[in-house]
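Asks: Let me see the structure of the following:
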Amino acid sequence: MKIKKLFQKTRFGIFALFGMISLSTSALCIYTVDTHLSEEYENNSKNIAKTIADSSVDILLNRDLAALQSLIDQFVEIQSIKYIYITDESGEFLAHTFVPGIPEVIRTDDPFKTEAIERNLPGMGDFVEVGSPILAGIAGTVHVGMDTGLIALKIQRAIGRQVYLICIILVVGFFAAIWLVNLAANPLGDLLAYAVGRARGEDGASDDKLLSRDDEVGHLANLFFYVSEGKKSEQSDT
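Replies: Take a look at the predicted model:
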């Protein structure tokens, strides 16, 4: 039908608009949630590292390494914290939670780093490590590693519901667009059929319905009516 062809570009534009809105909204949600959760986990890890650093001062002064090991073992039970290790002022490892031993990547790295760094430990996964100095670094450094895989999983769960909502809106918008376009297409189809009928000299049952419409379709229908009636008058006069 010609009327449907007339609105093909309109429908395509509406669908493209809904798709662009959905994709941009999803990307913004993913970026926002990712940034927020990553910062939150990193800040929590820094706070934990600082807490351990503050709590281990007396333990280090007494050289009670067993108590120091017990202290960090408790913090590893916190979700997302996968490893903790403590080095002294010379870089020697005093306590750690690695099993069976300290990875070579960490052994060969600078033990005094405190800024957040990304690590890939073979056989363990990807981590973000933060550090906190003990007595401004005089007594050593605490290092805490958090699992980025767990962070990614939480991000997926957090944005999952938002993506579902966006998909529902997209589907509803798709069918709503078809319905709205049909609201305009159907009266134009009736108008086309009416114009063809008037051109053939036919009178339809829907004439009064179209002529009584107070919109562009009704105005065009009245125009066709007056034109066809004028032609009939000319033909009757001749």
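Asks: Spit out the contact partners of residue 211.
Replies: 218, 221, 222, 225 (C-beta atoms under 8 Å, 6 or more residues apart in numbering). All C-beta atoms are positioned from the backbone trio N, CA, C, and that covers glycine.
Asks: mean confidence for the biggest helix by length in the chain?
Replies: Assignment by DSSP state H gives helix 148-199 as the longest helix of the chain. If you average the pLDDT over helix 148-199, you get 75.
Asks: elements contacting it?
Replies: Helices and strands touching helix 148-199, as assessed by 3 or more C-beta pairs under 8 Å, 6 or more residues apart in numbering; DSSP states H and E, comprise helix 2-6, helix 8-55, strand 125-134, helix 207-211, helix 216-237.
Asks: Export these as a markdown table, with columns for distance to residue 107 and mean pLDDT.
Replies: Formatted as a markdown table, these follow (distance: least, C-beta to C-beta, whole Å; pLDDT from 0 to 100):
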| stretch | distance to residue 107 | mean pLDDT |
| --- | --- | --- |
| helix 2-6 | 71 | 55 |
| helix 8-55 | 19 | 79 |
| strand 125-134 | 14 | 86 |
| helix 207-211 | 86 | 68 |
| helix 216-237 | 80 | 66 |
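Asks: Would you point to the one among these that's packed deepest?
Replies: Among the helices and strands packed on helix 148-199, strand 125-134 has the highest mean neighbour count (mean count of other C-beta atoms under 10 Å), at a mean of 20.
Asks: For that strand, which strands pair with it and how are they oriented?
Replies: strand 117-121 (antiparallel), strand 140-147 (antiparallel) (DSSP bridges).
Asks: now, of the ones you listed, which is deepest in the fold?
Replies: Across those, averaging neighbours per residue (mean count of other C-beta under 10 Å) puts strand 140-147 on top, at a mean of 25.
Asks: So what touches it?
Replies: Strand 140-147 is contacted by residues 41-42, 45-46, 48-50, 52-53, 56, 60, 75, 80-89, 94, 111-114, 119, 125-134 when judged by C-beta under 8 Å, 6+ apart.
Asks: ok and that strand relative to helix 8-55, angle-wise?
Replies: Between strand 140-147 and helix 8-55, the angle comes out at 150 degrees (axes from the mean of the first three to the mean of the last three C-alpha atoms, to 10 degrees).
Asks: ok, back up a step: so which of the contacts of residue 211 is the closest to residue 194?
Replies: Nearest to residue 194 out of the contacts of residue 211 is residue 221 (C-beta to C-beta; 5.8 Å).
Asks: Touching, that closest one and residue 194? I think so.
Replies: Yes: using C-beta atoms under 8 Å, residue 221 is in contact with residue 194, at 5.8 Å.
Asks: Outline the domain layout of the protein.
Replies: Domain ranges of the chain: 2-24+162-224, 32-155, per automatic domain parsing.
Asks: Grab the nearest non-local neighbour of residue 14.
Replies: In this structure, residue 14 finds its nearest non-sequential neighbour in residue 177, 4.2 Å apart by C-beta to C-beta, 6 or more residues apart in numbering.
Asks: residues touching that neighbour, list them.
Replies: Going by C-beta under 8 Å, 6+ apart, residue 177 touches 11, 14, 15, 18.
Asks: wait, isn't the third one in contact with residue 174?
Replies: What that stands for is residue 15. Yes: proximity of residue 15 to residue 174 meets the contact threshold set by C-beta under 8 Å, at 6.6 Å.
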